[in-house]
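1. With the sequence up front, the predicted model follows.
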Amino acid sequence: MTGKAIIFHGTGGNPEVAWYPWLAGRLRARGFEVEVPHYPGLNVEPIGAFLPRVLGAHRFDEETVLVGHSGGAALLLALLERVSVDRAFLVAGYCTRPNASEEPVLREEYDWDAIRAHVRDIYFINSVVDPYGCDAAQGRAMLDRLGGTQIVRNDGHFGDYGQPFDEFPLLERLIS
């Protein structure tokens, strides 16, 4: 059995942008059950109000793979305080404010021990330079607290309104 993958889009995104449809199709072809939910309230509503809806809308178990991009990656930190999964991939993720914008998806503090206990393996994929500040230093801050694997690229924000990034072969290879 291959399991389930849930792909969370970034702030202001939706399931049809960037590499999300491509990755979903590739994982389905490999036998994954894939969800790519649309959450317009992501990083708009405070995480304390937003998180219960996400927890109630999905089933998480030890065969689940979570993928989050940008604000969706920050959401994974809050999810992993509560649910156990096989693997998590935080793409352009961050755990502190990466820029001057408000970040309602972030918690003031995280239970790093709980997060570590709830995920078998965790990956942080960041760029050396990210236009929003979700850079390699942010990935390193999470790596230092959680362990896992950090991959540093030079690929900007891994897709955005001004940066086409329709495929993500590296991420597909990592989700084996």
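-> Cool, got the structure. Predicted, not measured: the structure shown is a model, and the values here were computed from it.
2. Dead centre of this structure: give me the residue that sits there.
-> Centroid-nearest residue in the chain, with CA atoms, centre = their mean: Gly68, separated by 1.7 Å.
3. Next, the contact list for that residue, please.
-> By CB atoms under 8 Å, 6 or more residues apart in numbering, the contact set of Gly68 is 7-8, 10, 74-76, 88-91, 93. Every C-beta, even on glycine, is put in place using the N, C-alpha and C of the backbone.
4. Could you export the longest strand along the chain as PDB, CA atoms only?
-> In the chain, with assignment by DSSP state E, the single longest strand is strand 119-127. Extracted in PDB, the C-alpha atoms of strand 119-127 (Å, rounded to 0.1, in the frame of the first residue of the first chain):
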ATOM      1  CA  VAL A 119       6.600  12.600  11.900                       C
ATOM      2  CA  ARG A 120       8.900   9.700  11.000                       C
ATOM      3  CA  ASP A 121      10.900  11.800   8.500                       C
ATOM      4  CA  ILE A 122      10.900  15.500   7.700                       C
ATOM      5  CA  TYR A 123      12.400  17.500   4.800                       C
ATOM      6  CA  PHE A 124      13.000  21.200   4.400                       C
ATOM      7  CA  ILE A 125      13.500  22.500   0.900                       C
ATOM      8  CA  ASN A 126      14.500  26.100   0.700                       C
ATOM      9  CA  SER A 127      16.400  28.400  -1.600                       C
END
